[in-house]
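*Asks:* using only what follows, build the 3D model:
(2 chains)
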Amino acid sequence: MLIADQVCFRYSPRHPWVLHQVNLEVTPAEVVGLQGPSGFGKTTLGKLLAGYLTPTQGCITLAGKPLPPQGYCPVQMVFQSPESAINPRWRIAKVLQEGQFPSLDLQARLGIHSGWLDRFPHELSGGELQRIAVARVLNPQTRYLIADEMTAMLDANTQALIWQAVLAHAAQHRLGILVISHEAALLRRICHRVVDLSDANTIRAQASASERA
Amino acid sequence: MTAQAVTPTAVSKRARLWNRRQRTLAAIGACALLLITLVFGSWLIGDAGLNPVLTQRNQPPSLAHPFGTDWLGRDMLSRSLHGMSLSIQVGLLAASFSAVIGTGLGMIAGSFGGKIDAVITWIVDVFFSLPHLVLLIMIAFALGGGTKGVIVAVALTHWTNLARIVRAEVLQINSSNYVQLSHRLGHSPFWIAYHHMLPHVFPQVLVGLILLFPHAILHEAALSFIGIGLSPHTPAIGIILAEAMRHLSTGYWWLGVLPGLLLLLAVKAFDSLGENLRVLIDPKTSQL
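*Replies:* Residues are numbered from 1 along each chain as shown, chains lettered A, B, ... in the order given. I've put the predicted structure just below:
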């Protein structure tokens, strides 16, 4: 189980809280939605859960233990724009090899053509690149996936294709997924439950205000 | 109508014969060949032209002496070629050492950050705050002058700019999503430095190396000029140009102009070599 316990985060003591005492848990094979207006710390919470940032207070635990600081992190994240998440100087084959090379089965499910492998990232479209980015993190060691607006920039067909592939993979490998999205319809369709960060915001505003006073 | 119809086919025919990639490769080949010729040309023509022939002093350029002769009757073409060869070797060696130091320290500073970064940035600032000609002279003098002194002095004083550029580049991509993701995929900082950072900074290093090269030659000439660089008997291009200065007003233009043009040609060849390599390395332009 991936748990965020009373997590607080700010960039420095001079800055206001981005997150204040947030609790969240994702169990294996569960799909949890995370929604809330812009600037309410959805992406920050995702980055904390995947180990990109460390909480200022509180802790993130994975099956009772803190996230490993080095080595493969079982919680992986997919970003909104694949262009920023893929080294533009690498051919696609090398990008995929950075994780573990995806099985033919996974490649087929995500619709990755073998002809793409020796191309450069700028030679693929956004939707094609996002499928590469997803395939890269769906390794056997991955236990949880943070999908930060994973399909927000894509057309409906590609969106459906990616989610079908990811959900099928998740069901097969008992993967827990946190879906960060603005799209209420998407969250309703694929998530088992949805968490709203709007309520957390009032708490954090109060905490920042009381510190300033 | 016909002219318009003909032009595109002519263009596409030429494009088929020589596409962008082939033209780039051809330019790289031509520049490399020219530089290799300049370095090894002096071997082929031998030392014969370096001896004084007092009956043929101050001859203007002719078929026998394409670059003319100097006030001792030495053939300027063979002197210039020998000088160019020596200058390119010294310049290349000094610039390469400098580039290696700059890239190494820049990458270390950018990747590790914190105290290591502060120390390296401080060293760079110290080197920047000293006038580098003074530093050059002190290092060359401490090493007793000569070729070794020039190479070490130039290498030790020219890495700072490159180190700053590389550090900034590394800092920038260190915060990029793909490098952070690489950390979370379990790759070590050394793996990331080698696979992500090095290919990213390589074009900058290459351009830096090329910009260092004329500097290295000029500083070699400056050190030779004040007598702690190469010996005045060796035909370095800097020494030749310094000598020619004294003869320009007497009308012996070929002593300065022709070796100067040769230097310009070599520097331009390096520049073109670097620019074409950059085009080839950059994935956005390499496949065109």
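
*Asks:* all the helices of the chain, in order from the start?
*Replies:* All of this refers to chain A. A:42-49, A:82-85, A:92-98, A:104-110, A:126-137, A:156-173, A:184-190, A:198-212 (DSSP state H).

*Asks:* wait, chain B was what I had in mind.
*Replies:* B:2-17, B:20-45, B:76-112, B:114-129, B:132-142, B:146-157, B:160-174, B:177-184, B:189-192, B:198-225, B:237-248, B:254-281, B:283-286.

*Asks:* relative to residue A:70, which of those helices is closest?
*Replies:* helix B:177-184 (8.3 Å; C-beta to C-beta). C-beta here means a position set from N, CA and C on the backbone, and glycine is covered the same way.

*Asks:* can I get the closest one in PDB, CA atoms only?
*Replies:* Only the C-alpha atoms of helix B:177-184 are listed here, as PDB (Å, rounded to 0.1, in the frame of the first residue of the first chain):
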ATOM      1  CA  ASN B 177      12.000  15.700 -16.300                       C
ATOM      2  CA  TYR B 178      14.000  13.100 -18.300                       C
ATOM      3  CA  VAL B 179      17.000  13.300 -16.100                       C
ATOM      4  CA  GLN B 180      14.900  13.100 -12.900                       C
ATOM      5  CA  LEU B 181      13.100  10.200 -14.300                       C
ATOM      6  CA  SER B 182      16.300   8.500 -15.100                       C
ATOM      7  CA  HIS B 183      17.300   8.800 -11.400                       C
ATOM      8  CA  ARG B 184      14.000   7.200 -10.400                       C
END
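
*Asks:* tell me what angle it forms with helix B:160-174.
*Replies:* 70 degrees (axes from the mean of the first three to the mean of the last three C-alpha atoms, to 10 degrees).

*Asks:* residues making contact with helix B:177-184?
*Replies:* A:50-52, A:72-73, A:76-77, A:79, A:84-87, A:98, A:137, B:173, B:189, B:191-192, B:195-196 (C-beta atoms under 8 Å, 6 or more residues apart in numbering or on different chains).

*Asks:* from those residues, which would you call buried?
*Replies:* A:50-52, A:73, A:76-77, A:79, A:85-87, A:98, A:137, B:173, B:192, B:195-196 (16 or more other C-beta atoms under 10 Å in any protein chain shown).

*Asks:* let me see the contact set for the residue of chain B found nearest chain A.
*Replies:* Closest residue of chain B to chain A, C-beta to the nearest C-beta: residue B:186 (3.5 Å). Going by C-beta under 8 Å, 6+ apart, residue B:186 touches A:70-73.

*Asks:* how confident was the prediction at residue B:288?
*Replies:* pLDDT recorded at residue B:288 is 56.

*Asks:* ok, residue B:234 next?
*Replies:* On the pLDDT scale, residue B:234 gets 76.

*Asks:* grab the nearest non-local neighbour of it.
*Replies:* The shortest distance from residue B:234 to any non-neighbouring residue, by C-beta to C-beta, 6 or more residues apart in numbering or on different chains, is to residue B:86 (6.4 Å).

*Asks:* point out where chain A drops to low pLDDT.
*Replies:* A:200-203, A:205, A:212-213 (pLDDT under 70).

*Asks:* quick check: residue A:114 vs chain B, distance?
*Replies:* 19 Å (C-beta to the nearest C-beta, to the nearest Å).

*Asks:* check residue A:141 too.
*Replies:* For residue A:141, the distance to chain B - C-beta to the nearest C-beta - is 9 Å.

*Asks:* the closest residue to chain B within chain A: what's it in contact with?
*Replies:* Residue of chain A nearest chain B, by C-beta to the nearest C-beta: residue A:72 (3.5 Å). Taking C-beta under 8 Å, 6+ apart as the contact definition, residue A:72 lies against A:139, A:141, B:184-186.

*Asks:* hang on, the earlier thing: now render the helices of chain B as a markdown table, adding distance to residue A:10.
*Replies:* Formatted as a markdown table, these follow (distance: least, C-beta to C-beta, whole Å):
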| stretch | distance to residue A:10 |
| --- | --- |
| helix B:2-17 | 57 |
| helix B:20-45 | 50 |
| helix B:76-112 | 25 |
| helix B:114-129 | 21 |
| helix B:132-142 | 44 |
| helix B:146-157 | 44 |
| helix B:160-174 | 22 |
| helix B:177-184 | 19 |
| helix B:189-192 | 26 |
| helix B:198-225 | 31 |
| helix B:237-248 | 59 |
| helix B:254-281 | 41 |
| helix B:283-286 | 38 |
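
*Asks:* these two touch, right, residue B:230 and residue B:151?
*Replies:* No: the pair residue B:230 and residue B:151 does not pass the contact test of C-beta atoms under 8 Å, sitting 10.5 Å apart.

*Asks:* shared neighbours, these two?
*Replies:* residue B:90.

*Asks:* report the contact partners of residue A:87.
*Replies:* A:95, A:121, B:178, B:196.

*Asks:* tell me how far it lies from residue A:126.
*Replies:* From residue A:87 over to residue A:126 the distance is 16 Å, taken as C-beta to C-beta, to the nearest Å.

*Asks:* okay, the closest residue to residue B:193 other than its chain neighbours: pLDDT?
*Replies:* In this structure, residue B:193 finds its nearest non-sequential neighbour in residue B:111, 5.5 Å apart by C-beta to C-beta, 6+ apart. In this model, residue B:111 is scored at 85, pLDDT.

*Asks:* which residues does residue B:111 contact?
*Replies:* B:170, B:174, B:189, B:192-193, B:197 are the contacts of residue B:111 under C-beta under 8 Å, 6+ apart.

*Asks:* greatest separation within those residues: which pair is it?
*Replies:* Farthest pair in those, by C-beta to C-beta: B:170 and B:189, 11.1 Å.

*Asks:* what does the stretch 101-250 of chain B put close to chain A?
*Replies:* B:176-178, B:180-182, B:184-188, B:196, B:199-200 (C-beta under 8 Å from any C-beta of the partner chain).

*Asks:* go again with 6 Å.
*Replies:* B:177-178, B:180-181, B:184-186, B:199 (C-beta under 6 Å from any C-beta of the partner chain).

*Asks:* what's the burial count for residue B:22?
*Replies:* 11 (other C-beta atoms under 10 Å in any protein chain shown).

*Asks:* where does it land on pLDDT?
*Replies:* 83.

*Asks:* ok, it to residue B:227 distance?
*Replies:* Residue B:22 is 49 Å from residue B:227, by C-beta to C-beta.

*Asks:* could you do residue B:174 as well?
*Replies:* 46 Å.

*Asks:* between those two, which has more neighbouring residues?
*Replies:* The residue with more neighbours, out of residue B:174 and residue B:227 and counting by other C-beta under 10 Å, is residue B:174; that gives 18 against 10.

*Asks:* quick one: contacts for the spatially most central residue of chain A?
*Replies:* Centroid-nearest residue in chain A: residue A:146, 2.1 Å away (criterion: C-alpha atoms, centre = their mean). For residue A:146, the contacting residues are A:46, A:49-50, A:77, A:178, by C-beta atoms under 6 Å, 6 or more residues apart in numbering or on different chains.

*Asks:* go through stretch B:207-217 and flag the buried ones.
*Replies:* B:207-217.

*Asks:* closest to residue A:35 among the residues you listed?
*Replies:* Looking across these and measuring by C-beta to C-beta, the closest to residue A:35 is residue B:207, at 47.2 Å.

*Asks:* good, wrapping up.
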